[in-house]
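# pasting the sequence and the predicted model now:
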Amino acid sequence: MSKGIRTLLCLVLVAVASASQANEGRLIDPEHYRAAQLRAVGHPNELSRWNGMWAYDNGQPEQAKAHFERAAYFGDTLSQHFLTLMYWTGDGVDRDPVLAYVWSDLAAEGGRLDQLVALREDLWNSLSTDQQSQARETGRTYYAKYGQAVTSKRLDPELPRPARNQTASRLGQNVSRLEVGLGSSGAWGSQGRPSYDASQMSGTQFYSPERTNHSSYREAETASLRELIRRAGTVGVGPVEPVDAASGQ
């Protein structure tokens, strides 16, 4: 597994829920994954992102790529960044610096973060003149499918769907608790302890503008990604390290 992707996976897990007692060699335990799926209701980008991370963590990079592409179809910046790393390192896919640049360009557009812009520029400068020409040509096709102008139109109607379909009282949801997570004892934990604490949120949080309004949601996603990058350190392009298929490292 690429060190860059593994680091980001760890940080995403910490950001979403309390630290898990992961199975040896695994970053995502099944209950944690199921909790993330529940939290992703109404957010097809998040659901596909988690499906991609689960597949990647379980040694299925081709499936991971397909899920990340599905998340990118709804404008998911983190998935676009995962694809950048996969194609740059050749981790689970045929190494393709041109596609790595294209995905980094899309991530920089969607993420609106200096670090992603800097990464994009580093990748561009690493390309040959012919590769830069290929990137321009390929980029037009990818932007027609994955650019913010089109992905926003896909995601926007999805976000408020859970709120429109709710049947509980709006007056009561302020005090009710929505169980998002499982955390049963003995599952993927040590000495009978749960693998992580059950995550709860109120109806007000679940249906808040940061989860149901496209503009507010994008701002919240950008803030979360900024924090992930801050915790990961400086994003940069280093030498390509071959992946040891036997060890998975």
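Everything's here; your move. Numbers count the residues shown, from 1 in each chain.

# so where's the protein uncertain?
Applying pLDDT under 70 to the chain picks out residues 1-26, 162-207, 232-249.

# in the protein, which spans are strands?
177-180, 199-202 (DSSP state E).

# buried set for stretch 114-130?
If you call a residue buried by 16 or more other CB atoms under 10 Å, then stretch 114-130 has these buried ones: Gln115, Leu116, Val117, Leu119, Arg120, Leu123, Leu127. All C-beta spots, glycine's among them, are computed from the backbone N, C-alpha and C.

# the last one and Ala71, how far apart?
Using CB to CB, to the nearest Å, Leu127 is found at 25 Å from Ala71.

# contact partners of stretch 144-158?
The contact list for stretch 144-158 (CB atoms under 8 Å, 6 or more residues apart in numbering) reads 42-45, 72-75, 80, 106, 109-110, 214.

# again with stretch 92-104
Contacts of stretch 92-104 with the rest of the structure, by CB under 8 Å, 6+ apart, involve 56, 61-62, 64-65, 72, 80-81, 83-90, 116, 119-120, 123-124, 126-127, 131, 134-135, 138-139, 142, 240, 243.

# which of those fall in helices?
Members of these lying in helices (criterion: DSSP state H): 56, 61-62, 64-65, 72, 80-81, 83-89, 116, 119-120, 123-124, 126, 131, 134-135, 138-139, 142.

# of those, keep whichever come out buried.
56, 61, 64-65, 72, 80-81, 83-89, 116, 119-120, 123, 131, 134-135, 138-139, 142.

# coming back round to it: can I get the contacts of stretch 144-158 in CSV including distance to Pro157?
Converted to CSV, these look like this (distance: CB to CB, whole Å):
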residue, distance to Pro157
Gly42, 10
His43, 12
Pro44, 11
Asn45, 13
Ala72, 18
Tyr73, 14
Phe74, 11
Gly75, 13
Gln80, 21
Leu106, 21
Glu109, 21
Gly110, 18
His214, 9
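
# buried among these? Make that a ChimeraX selection.
Provided next is the ChimeraX selection string for whichever of those are buried by 16+ other CB under 10 Å:
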select :42,43,44,45,72,73,74,75,80,106,109,110,214
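
# just the contacts of stretch 144-158 now: which is nearest Thr222?
Checking the contacts of stretch 144-158 against Thr222 with CB to CB, the nearest one is Gly110 at 8.5 Å.

# give me the number of residues near the residue lying closest to that closest one once chain neighbours are set aside?
For Gly110, ignoring the flanking residues on the chain, the nearest one in space by CB to CB, 6 or more residues apart in numbering is Thr77 at 4.2 Å. Neighbour count of Thr77, defined by other CB atoms under 10 Å: 27.

# how about the contacts made by Thr77?
Applying CB under 8 Å, 6+ apart, the residues near Thr77 are Ala107, Gly110, Gly111, Leu116, Glu221, Thr222, Leu225.

# from those residues, which ones fall inside helices?
Short answer: these in helices (DSSP H) are Ala107, Gly110, Gly111, Leu116, Glu221, Thr222, Leu225.

# any of those buried? List them.
Ala107, Gly110, Gly111, Leu116, Glu221, Leu225.

# want to throw those into a markdown table with distance to Ile28?
Formatted as a markdown table, these follow (distance: CB to CB, whole Å):
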| residue | distance to Ile28 |
| --- | --- |
| Ala107 | 22 |
| Gly110 | 24 |
| Gly111 | 23 |
| Leu116 | 24 |
| Glu221 | 20 |
| Leu225 | 19 |
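
# so which two of these are the farthest from each other?
Leu116 and Glu221 (12.8 Å).

# which of the contacts of Thr77 sit farthest apart?
The span of those, defined through CB to CB, is set by Leu116 and Glu221 at 12.8 Å.
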